[in-house]
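Q: Next one to model:
(one chain, ligands or ions: 1)
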Amino acid sequence: MQIQRNSTRRVVIGSIAIGDGNPIAVQSMTATKTQDIDATVGQVRALEEAGADVVRIAVDNKKDAEALAEIRRQTSANLSVDLQENYRLAELVAPHVDKVRYNPGHLYHHERTKPWREKVNYLVGVAQDNDCAIRIGVNCGSVDPDKLALYDPTDSIAPMLESALEHCEHLDSLGFTRYCVSLKDSDPKKVIEVNQRFAERRADIPLHLGVTEAGMPPDGIIKTRIAFEQLIGRGVGDTIRVSLTVPNPRKPEEIAAGRQILADIAAGRVRSVVDFGLNTLNIISCPSCSRVENEAFVDLAEQVRDMTQYAKEHDITIAVMGCRVNGPGETDDADLGLWCGPNFVNLKRSGEELGAFPYDQILGKLKLELDALIATRVGA
Ligand code: SF4
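A: You can find the predicted model right below:
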């Protein structure tokens, strides 16, 4: 089946280009500790062998950036880095990568008095000096607070969309067009809507598609497939990432899943239904990365999935996140949320913090909360 793709701009990322009719690039991210150079290079190579076009590495501090320099020396893979709250790390990482991602919602955490446009000017300058592309990465759990304040709290699409469009306009005004945009949510229906609406307004800008915290296979793959089939089938999307909660050696499964979905769409084997997950238990979990605070995270996510099966007929969302960087924000909208610390797991109910519990107690605490939640729903 020949899919008519949107005619987006060409954006070069190292040895590949996305947009402008180029093949849809498949990305993944390492989940090793970045400072464990051998393990990280090994995982970059495994991802490349599986067919990754771009590999992202987490960098949170100067030591990670030093490790990245050595990783760069040992691989020619197209590398990208995700800047979190400390946007000034850009100048340390950009010399070693082909793409830098920033999140508009994270530009508020450092140097709060400095306007975001000045910070973006700096990032664009760093990208230009180092021959890097940029991804403007908007995420449902960390939207620019100024944008959130402008819209009805029940409308999660408009703030994401307007934040992305505003940043695009600013990069354009600087004459910098070597960028793509991502608009990610853990709900595939929202991913479809926000990306479609973006593409209607800016059909020229390449889109990086992904369902964030899609969770464990097979549900994580099904959720992602739903979004990708609907979007790519309509010509929207230039690069993809399938985010799966899988143990470390299995990260190449993300690439295999992404390639399979693309092959199926190209062959017309489209089989998703958009109402997946409606009125049923929905477990969302992050794919884990270098920041994960305890190696038991993936086991915990699997145990949560197994323990909660008795509640599968209930319309309840449980979020399981690996660290304090994104855990607190990304668990806010879940009915029950867990995010990992080194020795304790933090538990939340509808955004309210209930405390932090040792790893060997958290499942019991979660079950008590789940039972109470079901009782209120049944009694309602
Ligand atoms: Fe990495 Fe933390 Fe995001 Fe999980 S929640 S993918 S550990 S940054």
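
Q: Tell me the helices and strands packed up against the helix or strand where residue 372 lies.
A: Taking DSSP states H and E as the definition, residue 372 sits inside helix 362-379. Secondary-structure packing of helix 362-379 (3 or more Cβ pairs under 8 Å, 6 or more residues apart in numbering; DSSP states H and E): helix 297-307, strand 336-340, strand 344-349, strand 352-358. Placement of C-beta: from N, CA and C, glycine included.

Q: buried set for the first one?
A: The one in question is helix 297-307. By neighbour count on 16 or more other Cβ atoms under 10 Å, the buried set for helix 297-307 is 297, 298, 300, 301, 302, 303, 304, 305.

Q: Now for the second one: which residues touch it?
A: When you say that, I think you mean residue 298. 245, 246, 247, 248, 288 (Cβ atoms under 8 Å, 6 or more residues apart in numbering).

Q: Who are the contact partners of the nearest residue to the second one once chain neighbours are set aside?
A: The reference is to residue 246. Leaving aside its sequence neighbours, residue 246 sits nearest to residue 253 (Cβ to Cβ, 6 or more residues apart in numbering; 5.3 Å). By Cβ under 8 Å, 6+ apart, the contact set of residue 253 is 217, 244, 246.

Q: now those residues as a markdown table including secondary structure and pLDDT?
A: Shown next, in a markdown table, are the contacts of residue 253 (DSSP: H, G, I helix; E, B strand; the rest coil; pLDDT from 0 to 100):
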| residue | secondary structure | pLDDT |
| --- | --- | --- |
| 217 | coil | 95 |
| 244 | coil | 96 |
| 246 | coil | 95 |
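
Q: Any chance of a markdown table for these, columns neighbour count?
A: Formatted as a markdown table, the contacts of residue 253 follow (neighbours: other Cβ atoms under 10 Å):
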| residue | neighbour count |
| --- | --- |
| 217 | 16 |
| 244 | 26 |
| 246 | 21 |
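
Q: Near the ligand, which residues of the protein are found?
A: 286, 287, 288, 289, 291, 292, 321, 322, 323, 325, 326, 327 (Cβ under 6 Å from any ligand atom).

Q: Count the residues that sit near the second one.
A: Using other Cβ atoms under 10 Å as the criterion, residue 287 is surrounded by 25 other residues.

Q: before we move on, what about the third one?
A: Burial of residue 288, expressed as a neighbour count using other Cβ under 10 Å, amounts to 25.

Q: Got the phi and psi for it?
A: phi 70, psi 150 (degrees, to the nearest 10).

Q: Please name the residues that touch it.
A: 31, 245, 248, 297, 298, 322.

Q: same deal with the first one?
A: The contact partners of residue 286, by Cβ under 8 Å, 6+ apart, come to 212, 213, 243, 245, 320, 321, 322, 326, 327, 330.

Q: From residue 327, how far off is the fifth one?
A: Here residue 320 is placed at a distance of 9 Å from residue 327 (Cβ to Cβ, to the nearest Å).

Q: for the third one, same thing?
A: In this structure, residue 243 and residue 327 are separated by 15 Å, where distance is defined by Cβ to Cβ.

Q: do the fourth one as well
A: To residue 327, residue 245 is 13 Å away according to Cβ to Cβ.

Q: before we move on, what about the first one?
A: From residue 212 over to residue 327 the distance is 13 Å, taken as Cβ to Cβ.

Q: For the stretch 1-150 of the chain, which residue gets nearest to the ligand?
A: Nearest residue of the stretch 1-150 of the chain to the ligand (Cβ to the nearest ligand atom) works out as residue 58 at 6.5 Å.

Q: Could you pull up the residues touching the nearest residue to that residue once chain neighbours are set aside?
A: Nearest non-adjacent residue to residue 58, counting by Cβ to Cβ, 6+ apart: residue 290, 3.8 Å away. By Cβ under 8 Å, 6+ apart, the contact list for residue 290 reads 30, 31, 32, 33, 34, 40, 57, 58, 60, 64.

Q: Need the per-residue pLDDT for residue 290.
A: As predicted, residue 290 sits at a pLDDT of 91.

Q: Repeat that for the one 3 residues further on.
A: In the prediction, the pLDDT value recorded for residue 293 is 95.

Q: Test my guess that residue 30 contacts residue 45.
A: No: checked against Cβ atoms under 8 Å, the pair residue 30 and residue 45 is beyond contact range at 10.5 Å.

Q: which one of these two has more residues nearby?
A: residue 30 (25 against 15).

Q: Looking at residue 245 and residue 327, which one has more neighbours?
A: Between residue 245 and residue 327, counted using other Cβ under 10 Å, the more crowded position is residue 245 (27 against 24).

Q: I'd guessed that one sits against residue 299; true?
A: No: with contact taken as Cβ under 8 Å, residue 245 and residue 299 are classed as non-touching, separated by 10.4 Å.

Q: Please identify which of the contacts of residue 288 is nearest to the ligand.
A: residue 322 (3.0 Å).

Q: Could you pull up the contacting residues of the nearest residue to that closest one once chain neighbours are set aside?
A: The shortest distance from residue 322 to any non-neighbouring residue, by Cβ to Cβ, 6+ apart, is to residue 292 (3.9 Å). Contact analysis of residue 292 by Cβ under 8 Å, 6+ apart lists 31, 322, 323, 340.

Q: of these, closest to residue 266?
A: residue 31 (28.5 Å; Cβ to Cβ).

Q: Residue ranges in the stretch 201-350 of the chain under the pLDDT threshold?
A: Under the criterion pLDDT under 70, the flagged ranges of the stretch 201-350 of the chain are 272-279.

Q: ranges for the strands of it?
A: 207-209, 239-241, 282-285, 317-321, 336-340, 344-349 (DSSP state E, counting those that start in this stretch).
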